[in-house]
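S.K.: Here is the input, now give the coordinates:
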Amino acid sequence: MNRATFARFPVLLMLAIAIAGCGAADGTPEIYFCPADGCADRVIERIDTANETLVAAVFTFTHYGIAEAIARAVKERGVEAWVVVERNQLDGGIASFLKSRGVGFKVDTNPELMHDKFLVIDEAAVVTGSFNWTEQADTKNNENVVIFDSASGASMYFDEFLRLWAAGEEL
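M.R.: You can find the predicted model right below:
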């Protein structure tokens, strides 16, 4: 796809502009593709950097490795963590596992799909992309993860999380 073709997709263009300069020290976001790049491992690596807060809004969450990383952050580093998932994609096992380890957990109450897939770490970094937090997405699907460090970008995602959390329903 050339730039002229890309320009026909204004939403993608706005996203590219929004995250430009928000990633690595040179301004490049980290971008990974599944299954080749091990998206779950990249998410877990970033969870392991959290020192204060983790907030996540994910459409589907059945990946126990990611759940264990969140629980580990809570237990070992005192990180406060909250998760919102789409009601129609609820995995009771993940919910019970996380809740029993001190993670706040709610389901989305929007009658339509909550199709978000993002994680905010310490209100300073964002993990987003098409990647659903499932083994299938990590090992079989064509998915992507974009990670960027930006307090202003993280603030926007954090505000969206707060909106989802306030409207969510505890189990």
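
S.K.: got the contact list for the longest helix along the chain?
M.R.: Once the chain is assigned using DSSP state H, the helix that runs over the most residues is helix 151-167. With Cβ atoms under 8 Å, 6 or more residues apart in numbering as the test, helix 151-167 has contacts from 18-19, 22, 55-57, 82, 84, 104, 106, 108-110, 114, 116, 118, 120-121, 123-126, 128. Just so you know, the C-beta spots here come from the backbone N, C-alpha and C atoms, and that holds for glycine as well.

S.K.: Any buried residues in it, and which?
M.R.: By neighbour count on 16 or more other Cβ atoms under 10 Å, the buried set for helix 151-167 is 153-154, 157-158, 161, 164-165.

S.K.: For the closest residue to residue 114 other than its chain neighbours, what are phi and psi?
M.R.: Spatial nearest neighbour of residue 114, excluding adjacent residues (Cβ to Cβ, 6 or more residues apart in numbering): residue 108 at 3.6 Å. Note on residue 108: its backbone torsions stand at phi -70, psi 140 [degrees, to the nearest 10].

S.K.: and residue 108, how many residues sit next to it?
M.R.: 24 (other Cβ atoms under 10 Å).

S.K.: wait, isn't residue 35 in contact with residue 140?
M.R.: Yes. Between residue 35 and residue 140 a contact is recorded at 6.4 Å, counting by Cβ atoms under 8 Å.

S.K.: gap between residue 46 and residue 168?
M.R.: Per Cβ to Cβ, to the nearest Å, residue 46 is found 23 Å from residue 168.

S.K.: Which stretches in the chain count as helices?
M.R.: Under DSSP H, the chain gives helices at 3-6, 10-19, 39-47, 64-77, 92-100, 135-139, 151-167.

S.K.: who's in contact with the spatially most central residue of the chain?
M.R.: Geometric centre of the chain, nearest residue: residue 118, 2.5 Å, by Cα atoms, centre = their mean. Contact analysis of residue 118 by Cβ under 8 Å, 6+ apart lists 56-58, 126-128, 157, 160-161.

S.K.: Grab the two from the residues you listed that are most spread out in space.
M.R.: Spatial extent of the contacts of residue 118 (Cβ to Cβ) is set by the pair 127 and 160 at 13.9 Å.
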